[in-house]
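[1] coords below, sequence missing:
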Ligand code: NAI
Ligand code: 15L
């Protein structure tokens, strides 16, 4: 499964999280040796040669974590809406610190876990299946649905800056919902199966000349909402489709209702009025 020019040692940040746990089990089959980093201990590891428990904002630890790797898959961060100052530290400062460590250590390729919530207020297509011409393109204007989504837009722009200024290449993957199975009707459209996620990360790590490329990350879902062509251009060929889960989920939850604010946009319930967070 490994490509001849594949990076060999990859730093996987956020390795203790849901997606990190799935990816550290799947990526070694592509030939990668993983170095794992997370704020919290990786409990059920190691699936890797090295495991580092550190905060992204710990400059020295991060520099050591980055030293000597061929590429980075950056999953660490707060993965849901949270008070702005928490998002500021883990997702904005943390991602900045990671790019700085990468610059100082001469890393040439990063795969950044962006999110559909960077464009979450984009109205979702309604006709199903969505005609190709109506799929949401990666060039659609950013419409973050939360401070969390805003931080993912920041990460994408930071990646763009570090490509233009420092020649560090990034694929920013606007992940839909990466879980073992889809659990909602919305997820029928945005699901990224773990196996397809590993395929996409591998493509993002090995494609030539990506500069800064933004892609949507989902499987080949029958009810897909967005355009996967920039992901496919990296060599990503999704193999999974959420459709086998559709009948049961729709019977339980009903079809999405365009008049319901929690169903009307890509970001789903993230677009409904948020709680007021303490400062
Ligand atoms: P998760 O919340 O399960 O895992 C995130 C991990 O990052 C946690 O283990 C946490 O300890 C670690 N982390 C948080 N702040 C940190 C810091 N300051 N320093 C070091 N580590 C820190 O999230 P999940 O679902 O695994 O997502 C992984 C990444 O993918 C996140 O960046 C998330 O925003 C993004 N994403 C995930 C989606 C999904 O469906 N799972 C969808 C869209 C984006
Ligand atoms: C995300 O960005 C979150 O990290 C994940 O937990 C899911 O909520 C996903 O988006 C989604 O939109 O389903």
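    Great, that's in hand. It should be emphasised that the depicted structure is a prediction, and the values quoted were computed from it without experimental measurement. Residues are numbered from 1 along each chain as shown. Ligands and ions are numbered 1, 2, ... in the order given.
[2] Need the residues that contact the lengthiest helix in the chain.
    Ranked by residue count and defined by DSSP state H, the top helix of the chain is helix 147-166. Helix 147-166 has contacts (CB atoms under 8 Å, 6 or more residues apart in numbering) with 77-84, 87-88, 91-92, 95-96, 99, 102-103, 110, 112, 114-115, 117-120, 142, 144, 168-170, 172, 174, 211-212, 214, 267, 270. For glycine as for every other residue, the C-beta is placed from the backbone atoms N, C-alpha and C.
[3] Show me those residues that map onto helices.
    84, 87, 95-96, 99, 102-103.
[4] before we move on, the earlier item: gap between the longest helix of the chain and the chain center?
    Mean-position distance between helix 147-166 and its chain equals 13 Å (CA atoms, centre = their mean, to the nearest Å).
[5] surely residue 138 meets residue 227?
    Yes. Taking contacts as CB atoms under 8 Å, residue 138 lies within contact range of residue 227: 6.7 Å.
[6] between the two, what contacts are shared?
    Joint contacts of residue 138 and residue 227 (CB under 8 Å, 6+ apart) are residue 216.
[7] got the buried residues for stretch 147-157?
    147-156 (16 or more other CB atoms under 10 Å).
[8] one step back: list buried members of the contacts of helix 147-166 by neighbour count.
    Among the contacts of helix 147-166, those scoring as buried are 77-79, 81-82, 84, 87-88, 91-92, 95-96, 99, 102, 110, 112, 114-115, 117-120, 144, 168-170, 172, 174, 212, 214, 267, 270 (criterion: 16+ other CB under 10 Å).
[9] restrict those to those near ligand 2?
    79, 115, 117 (CB under 6 Å from any ligand atom).
[10] Run through those residues and flag the ones next to ligand 1.
    79, 115.
[11] What is the nearest of the ones next to ligand 2 among the buried ones among the contacts of helix 147-166 to residue 66?
    Nearest to residue 66, judged by CB to CB, of these is residue 79 at 21.5 Å.
[12] How much space separates the closest residue to that closest one other than its chain neighbours from ligand 1?
    Leaving aside its sequence neighbours, residue 79 sits nearest to residue 17 (CB to CB, 6 or more residues apart in numbering; 6.8 Å). Residue 17 sits 2 Å away from ligand 1, going by CB to the nearest ligand atom, to the nearest Å.
[13] Does residue 17 touch residue 74 like I think?
    No. With contact defined as CB under 8 Å, residue 17 and residue 74 do not form a contacting pair (11.8 Å).
[14] In terms of neighbours, single out the busier of those two.
    For residue 17 versus residue 74, the count of surrounding residues by other CB atoms under 10 Å is larger for residue 74: 25 against 19.
[15] Now do that one, the pLDDT please.
    Looking at residue 74, its pLDDT stands at 99.
[16] So which bits of the stretch 51-200 of the chain are right by ligand 2?
    Residues of the stretch 51-200 of the chain lying near ligand 2 by CB under 6 Å from any ligand atom: 79-80, 115-117, 177.
[17] Filter those residues down to just the ones in strands.
    Among those, the residues falling in strands (DSSP state E) are residue 115.
[18] I'd like to know which of the residues of the stretch 51-200 of the chain next to ligand 2 is nearest to residue 252.
    For those, the nearest to residue 252 is residue 177 (16.7 Å; CB to CB).
[19] From residue 187, how far out is that closest one?
    Separation of residue 177 from residue 187 (CB to CB, to the nearest Å) stands at 5 Å.
[20] what do you get for residue 15?
    From residue 15 across to residue 187, the span is 24 Å (CB to CB).
[21] okay, the two: which has more neighbours?
    Using other CB under 10 Å as the criterion, residue 15 and residue 187 rank with residue 15 on top: 28 against 22.
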